[in-house]
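Chemist: Generate coordinates for the sequence data below:
(one chain, ligands or ions: 3)
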Amino acid sequence: MAQTHILGYPRIGANRELKKAQEAYWRGETSQQQLLQEGEEIRRSNWQAQSDAGLDWVTVGDFAWYDQVLNHSLMFGVVGDRFSEGAAENKLDQYFRLARGRAPSGQPVAASAMTKWFDTNYHYLVPEFTDQQAFSLDSEWLLDEVREAQVQGQKVKPVVMGPLTYLWLGRGVDSALALLPSLLPCYTQLFSQLADLGVEWVQLDEPILGLDLPEEWRSAFIGAYKGIGADSGSLNLLLATYFSPLRENLQLAFSLPVDGVHIDCIRASEELNTARDLLGDKQVLSAGVVNGRNIWRADLDKWQRVLKPMAEKLGDRLWISASCSLLHSPVDLDTETSLPVEQKQKLAYARQKLDELVQLQSLLDQEVSTTVTELKSGDKSGSVAQQLRDTWREQGYLERVPVQAERWQLPLLPTTTIGSFPQTDLLRKVRRQYRNSEISEKDYLEHLRAEIAEAIRRQEILGLDVLVHGEAERNDMVEYFGEQLDGFVHTGNGWVQSYGSRCVKPPIIFGDISRPQAITVEWSSYAQSLTKKPVKGMLTGPVTILNWSFPREDIHRSESCLQIARALREEVLDLESAGIGIIQIDEPALREGVPLRESEHADYFSWAVGCFRYTCSEVKAETQIHTHMCYSNFNAIMDAIVSLDADVITIESARSDLRLLSAFADRSDGYPNEIGPGIYDIHSPNVPERGELVDRLKKIAEVVPVERLWVNPDCGLKTRSWAEVGSSLLNMVEAARTVRTELA
Ligand SMILES: CN1c2c(nc(N)[nH]c2=O)NC[C@@H]1CNc1ccc(C(=O)N[C@@H](CCC(=O)N[C@@H](CCC(=O)N[C@@H](CCC(=O)O)C(=O)O)C(=O)O)C(=O)O)cc1
Ligand SMILES: N[C@@H](CCS)C(=O)O
Ligand SMILES: [Zn+2]
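Modeler: Ligands and ions are numbered 1, 2, ... in the order given. Alright, predicted model coming up:
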């Protein structure tokens, strides 16, 4: 009989218990002991959910206090010198200092860089390697969790990130691959410890096998796994890949001396049959057939037909699973109280996906009428790109510049922010009260207006040049638009971890999308009525709304994207007619949506860039279009960014020490339009010093022509307190003034 398992389970808790416990601990309201207990309870309940559902294996090692990659950095001793202070006394606080630059104990430091996990909306902490990097194993957390699960009576399968993927994700050395020989002994030692605990199977995640790998990385797999496989003794290794077809790496994956291979049958269904043919006599094939990244119920009948012949041939060497870790799914549909039954019955969250796997396992034991079902790879964007051929603005950037300069009269190095201001406890409480009908709509709107007025007042005092209304009306930059547009359904408890304690609730695209009425015009107009300075209109772009929602599976993503772009174009034109002449259209997820394989990039960009331009192609030359992107490696997509044709782009670059900026400066002709490289990191609670900001700005001015340079933080300020925002922006504005004077 086929076996069932998952690659990982969400760790936030069914009601985001982990988030609440972490944040209370960071605020100093609870003890570390209380936090540890909450973590233990979440792990216990996650394992119980898996065994109650009837899975054959319970996955351990997927829990993290902040991030699973950071877990591995600590496990292998990859900890920069700046984090060593106080580590011996308080390891968990050291972990939090690595993650967020600050913990209840110890001195604040610059946090580790954070970036996107493959093409998802999850962010990991980048391992920082040095040329003298040494590795040493400290696996106590993992061994403890294995013991914890064993005490609970579970049949445990730990998950560990594979050595090649771990090295690939790190930065700081020219060739991380050179570090492989010194890292591998940690794996050997770890396997022996796990075997001593009676563990039979270890899942080794190597998602980079789904990327276009340089040849030396491909061959490194062979050497590394030869060693690992030989050293694993009685332990069985399951090599897990996900998010992408393996293509030229498929044969490589199955030729490695591992005991099983997992493939993502949602992203690479066309490889399932080849995978079966490549399978060694004793190897296990794990088929990820339940979508770990979407919320629609799986088509179990289809998978029964597809897998039945394999199940007959392979018996318990066929494992069935979700395509990837369920980290990317909301936790439990049973906690949804607001969705109508006819919608709910179409959905499956992580806990329901466990049930789906067990149902499929039992279907595979039953007779099936026909056994032939053809699996097709994903369709291309079809006609959408055709419809988007002519989306450029009438005047080019160089023609727009003098018209905009005349209208806006901005100083050299204009200062601005990215859009959101603190979402305070009070603001969230008032929103909750409104949602629960505890206060009237009138009171709610009045509260929002007061928040906007306060945001404008503060920005005027600070002396910023281009103001924002502060996004007080938004719970989230995507969820809010999902709530306002027809065609979306929003959930009550569909939370998914984005980074650390922060979660998002992606709306679900249920049907065709349209705009029943104007969305932001009233808020922006109100803010503009309070000041003579320009107020930037603030929209989330079509690609980001699409990428941060749960998409339909019956039409191509490009079709939904164009529908969203049509709705946003109406909004842009309404803002312009209402006198809002600077409009920012955020596209932080443009990079994230780029397919992992280069051969698919052109198709994606043809519709994604086209949809962005479509939203603003009809505005006047004097209307200044901004866009914003954060937490991505822009190098590979510079041409696409340039073709967005925004007048100004603000980007994250502070946390990676301006490394990302090189992508913009390195082009032979430079980035052709205006650019605001974020000069400080908003994800850390640390307030940047004025001198530090002056230095950074000067460094930037060496590579970006000053007449095209803007000054801003690297992302929205919604996660910060007003105290932090006030001090940081004051330092930022003064730093801009200092550099302006020096340059004059
Ligand atoms: C820019 N980023 C975003 C990404 N994806 C998005 N969809 N949105 C983004 O902004 N991806 C990349 C980055 C990731 N960054 C962040 C940054 C911040 C958050 C965040 O703060 N998330 C909040 C949840 C936001 C939200 O929807 N808040 C609701 C309130 C929700 C809630 O907890 N309600 C409680 C009551 C609260 C109270 O009474 O005080 C309840 O209902 O019980 C709102 O404002 O109404 C978070 O808390 O994690 C995410 C990603
Ligand atoms: N306008 C948004 C962008 C975040 S990426 C904000 O300021 O929060
Ligand atoms: Zn951002």
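
Chemist: Which residue comes closest to Glu598 once chain neighbours are left out?
Modeler: Distances taken as CB to CB, 6 or more residues apart in numbering put Asp212 closest to Glu598, at 5.3 Å, once the chain neighbours are dropped. For glycine as for every other residue, the C-beta is placed from the backbone atoms N, C-alpha and C.

Chemist: Residues contacting the helix or strand hosting Val403, please?
Modeler: Val403 is located in helix 397-408, with elements delineated by DSSP states H and E. For helix 397-408, contacts defined as CB atoms under 8 Å, 6 or more residues apart in numbering pick out Arg393, Gln395, Pro534, Gly581, Ile582, Ala621, Glu622, Gln624, Asp645, Asp647, Pro672, Asn673.

Chemist: for these, which one is nearest ligand 2?
Modeler: If you rank the contacts of helix 397-408 by distance to ligand 2 using CB to the nearest ligand atom, Ile582 comes first, at 13.3 Å.

Chemist: give the contact list for that closest one.
Modeler: Residues in contact with Ile582 (CB under 8 Å, 6+ apart) are Trp408, Val466, Pro534, Val535, Lys536, Gly537, Thr623, Gln624, His626.

Chemist: Specify which member of those residues is nearest to Pro507.
Modeler: Using CB to CB, Gly537 comes nearest to Pro507 of the contacts of Ile582, at 21.2 Å.

Chemist: Quick check: bridge partners of the closest one?
Modeler: Using DSSP bridges, the beta-bridge partners of Gly537 come out as Ile583.

Chemist: can you tell me which helix or strand the residue nearest the centre of the chain belongs to?
Modeler: Residue closest to the average C-alpha location in the chain (CA atoms, centre = their mean): Asn121, at 1.9 Å. Assessed by DSSP H and E, Asn121 sits outside every helix and strand.

Chemist: Would you mind giving both backbone torsions of it?
Modeler: phi -90, psi 20 (degrees, to the nearest 10).

Chemist: residue contacts, it?
Modeler: His328, Val496, Ser498, Val504, Pro506, Asn547, Trp548, Ala589, Glu592.

Chemist: Buried ones only from the residues you listed, please, as a PyMOL command.
Modeler: Paste this into PyMOL to select the buried members of these, with burial taken from 16 or more other CB atoms under 10 Å:
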select buried, resi 328+496+498+504+506+547+548+589+592
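
Chemist: Looking at the contacts of Asn121, which is nearest ligand 2?
Modeler: For those, the minimum distance to ligand 2 (CB to the nearest ligand atom) is 8.7 Å, reached by Ala589.

Chemist: so that closest one makes contact with Pro542?
Modeler: No. Using CB atoms under 8 Å, Ala589 makes no contact with Pro542, being 10.2 Å away.

Chemist: Can you give me the separation between the residue in the stretch 401-550 of the chain positioned nearest to ligand 3 and Val289?
Modeler: In the stretch 401-550 of the chain, the residue that lies nearest ligand 3 is Ile418 (5.8 Å; CB to the ion). Ile418 is 40 Å from Val289, where distance means CB to CB, to the nearest Å.
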